[in-house]
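Visitor: below is the sequence, then the predicted model.
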Amino acid sequence: MPVVAGSAFRMLGLVAVLGLVGCAASSTESPADNSPGPAEATDASPSPNAPVKVVVADEKQFQDVVDSHRGKVVLVDFWATWCLTCVEHFPETVKLHNEHAADGLAAVTVSFDDLANQHAVEEFLAEAQAGNLDNLLSKYDGVGTEVPKAFGFEGVLPHFRLYDRTGKLRYRWDEPPADLKEKVVELLAEKPAE
């Protein structure tokens with residue numbers, strides 16, 4: 001398990017049991033609203049020290065971000081700081097993005113932490129050196145299954161998706177996928193649509 005410092009680590013201690021049985025997501029709507037946009041870093045070698053920007057978003061804004069990457073393979077990681085399995089796997093998402101950004105991979109992360117915990121999310125993302133990724137925070141608060149349903153899945157975190165260069169959803173997993181890198185490379189090798 002990677003070492004996680006600060007408040008993100010303290011939160012892990014509170015919910016370690018959730019990591020053993022899967023994690024639940026949030027569900028009550030909040031009035032916060034920001035417009036998301038794709039991350040600016042697109043060069044061949046992403047900077048590990050890029051500043052972290054977190055955009056509060058709903059499911060439509062999330063889809064807008066995915067759509068903004070047409071022509072690229074898009075990896076989406078739904079996670080939360082309180083989900084031990086999510087936190088353990090998160091460095092793999094960052095690593096895949098950094099290794100394959102120049103090949104046409106874009107990574108989008110969606111945190112299901114409550115809006116009041118945005119600072120903890122930002123701290124975790126900074127420690128994970130995820131500033132080059134599109135980092136979203138669900139605008140919905142609470143515990144339950146309605147939020148994941150709004151984003152199109154049944155509510156177990158972590159949840160992963162992989163879209164091809166045309167924006168078509170090709171793969172989805174409700175746990176860290178053992179074959180994620182293989183599937184990323186497979187989609188990157190497909191000829192881009194002209």
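Guide: Looks like it arrived, so ask away.
Visitor: quick one: contacts for D164?
Guide: For D164, the contacting residues are 73, 170, 187, 190, taking Cβ atoms under 8 Å, 6 or more residues apart in numbering as the criterion. Using the backbone N, CA and C atoms, a C-beta is placed for each residue, glycine as well.
Visitor: I'd guessed A57 sits against S138; true?
Guide: Yes: checked against Cβ atoms under 8 Å, the pair A57 and S138 is within contact range at 7.0 Å.
Visitor: that older thread, among the contacts of D164, name the buried ones.
Guide: For the contacts of D164, a neighbour count by 16 or more other Cβ atoms under 10 Å gives the buried set as 73, 187.
Visitor: out of the contacts of D164, which are inside helices?
Guide: Mapping those onto helices (DSSP state H) picks out L187.
Visitor: and of the contacts of D164, the nearest to L105?
Guide: Proximity of these to L105 was ranked by Cβ to Cβ; the top entry is V73 with 5.1 Å.
Visitor: just give the nearest non-adjacent residue to the closest one, would you?
Guide: Taking Cβ to Cβ, 6 or more residues apart in numbering as the measure, V73 lies nearest to L187, with 4.4 Å between them; neighbours along the chain are not counted.
Visitor: that neighbour touches R165, doesn't it?
Guide: Yes: because the distance of 7.3 Å satisfies Cβ under 8 Å, L187 is recorded as touching R165.
Visitor: great, nothing more from me.
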